[in-house]
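Undergrad: Turn this into a model:
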Amino acid sequence: MRKLSTETNAKAADLTNNIIEFRDVEYQILTKPPRPVLSGISLAVHPGETVALLGRSGSGKTTLLKLINGLRTYTSGTVLVRARPVPEWDLIRLRRSIGYVIQEVGLFPHLTVRENVLVVPGLEGWATDRSATRFAEVMQLVGLDPAEYADRYPRELSGGQRQRIGVARALAADPEILLMDEPFGAVDPVTRAELQREFLALAQRMSKTVVLVTHDLREALLLGTRVVLLEAGRVVAEASPQGFTGLENAVAREFVAAAALAARGPS
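TA: From the prediction side, this is the model:
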């Protein structure tokens, strides 16, 4: 049998190392005529990296994120999670295996903090002792005392505390993948900065693959190990945080200029 070339072997290894992969993906809203939301998306996410999806409102960031856990169904192309096309997954199993954090948190108001955090372990039939141990672990990870907060309800928490509980819930079943959609956008700037620093420290301690949606360049550069820029439903640039500010792409330059202006504050 003819041996594969070194280049072919490297490409094959790359494919096996992609925990999430988009291959020429398109998503349309099926109006008359259909309205394209995403076009020509080809993107690979490797284990352990934090990919920040950056773009203006309406650029397709959240739609792209939702294709990963099947909350949206792509029109053409292929999205693979752990080398399996999303339509071939049992979507319930897929979603339970992926942590998901959104801007408004989405805690169940009638459940206590403990019950909210342990929703997925409960659905998975975890033993009581295992669930109790995991609850204490993830609460400590997000900087909250498990004994103090276990029996509180979401209405008794501050915005920052609710956001931390949302992260704890996403981590409770120890998922390999974490999806985060503007996770710190609904809190005040001081709390947001605190949560960003805490998440960065958390990400450095855990082996998780994170896809993060943000419209904030500073957040993307702080939290991402790679920044992917979207505009009008297409990937128009990607770079490391160190390389992003030097990109020649016009949209990237607009983000850099806006961030610099915001940093200077009012004149």
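
Undergrad: Show me how far the helix or strand that contains residue 169 is from its chain's centre.
TA: Under the criterion DSSP states H and E, the helix or strand holding residue 169 is helix 159-171. The chain centre lies 14 Å from the centre of helix 159-171; the measure is C-alpha atoms, centre = their mean, to the nearest Å.

Undergrad: what packs against it?
TA: For helix 159-171, the packing partners by 3 or more C-beta pairs under 8 Å, 6 or more residues apart in numbering; DSSP states H and E come out as strand 98-102, helix 113-117, helix 128-141, strand 177-181, helix 189-205. Using the backbone N, CA and C atoms, a C-beta is placed for each residue, glycine as well.

Undergrad: what about the third one, average pLDDT?
TA: Mean per-residue pLDDT for helix 128-141: 95.

Undergrad: Following that helix in sequence, what is the next regular element?
TA: Note on helix 128-141: by DSSP H and E, the next helix or strand toward the C-terminus is helix 146-149.

Undergrad: Who are the packing partners of that following helix?
TA: Helix 146-149 is packed against helix 128-141, with contacts defined by 3+ C-beta pairs under 8 Å, 6+ apart.

Undergrad: Report the distance from the helix it packs on to the chain centre.
TA: 23 Å.

Undergrad: Contacts made by that helix with the rest, please.
TA: Residues outside helix 128-141 that contact it (C-beta atoms under 8 Å, 6 or more residues apart in numbering): 114, 117-118, 121-122, 126, 145-146, 149-150, 168-169, 171-172, 174, 202, 205-206.

Undergrad: Go again with 10 Å.
TA: With C-beta atoms under 10 Å, 6 or more residues apart in numbering as the contact definition, helix 128-141 has outside contacts at 113-115, 117-118, 121-122, 124-127, 144-150, 164-165, 167-174, 198, 201-202, 205-206.

Undergrad: where exactly do the strands run in this structure?
TA: Secondary structure of the chain by DSSP state E: the strands cover 20-29, 35-45, 50-55, 76-81, 84-85, 98-102, 177-181, 209-214, 226-231, 234-239.

Undergrad: Nearest to residue 159, out of those strands?
TA: Evaluated over the strands of the chain, closeness to residue 159 peaks at strand 98-102, with 13.5 Å, by C-beta to C-beta.

Undergrad: now the angle from that closest one to helix 159-171?
TA: For strand 98-102 against helix 159-171, the angle by axes from the mean of the first three to the mean of the last three C-alpha atoms, to 10 degrees is 160 degrees.

Undergrad: From the contact counts, what lies against strand 98-102?
TA: When contacts are defined as 3 or more C-beta pairs under 10 Å, 6 or more residues apart in numbering; DSSP states H and E, strand 98-102 sits against helix 61-68, helix 159-171, strand 177-181, strand 209-214.

Undergrad: could I have the longest one exported to PDB, CA atoms only?
TA: This points to helix 159-171. Extracted in PDB, the C-alpha atoms of helix 159-171 (Å, rounded to 0.1, in the frame of the first residue of the first chain):
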ATOM      1  CA  GLY A 159     -26.500  40.200  38.900                       C
ATOM      2  CA  GLY A 160     -22.900  39.100  39.300                       C
ATOM      3  CA  GLN A 161     -23.800  36.300  41.600                       C
ATOM      4  CA  ARG A 162     -26.500  35.000  39.100                       C
ATOM      5  CA  GLN A 163     -23.900  35.100  36.400                       C
ATOM      6  CA  ARG A 164     -21.500  33.100  38.500                       C
ATOM      7  CA  ILE A 165     -24.200  30.600  39.200                       C
ATOM      8  CA  GLY A 166     -24.800  30.300  35.400                       C
ATOM      9  CA  VAL A 167     -21.200  29.400  34.900                       C
ATOM     10  CA  ALA A 168     -21.300  26.900  37.700                       C
ATOM     11  CA  ARG A 169     -24.400  25.300  36.200                       C
ATOM     12  CA  ALA A 170     -22.600  25.100  32.800                       C
ATOM     13  CA  LEU A 171     -19.600  23.400  34.400                       C
END
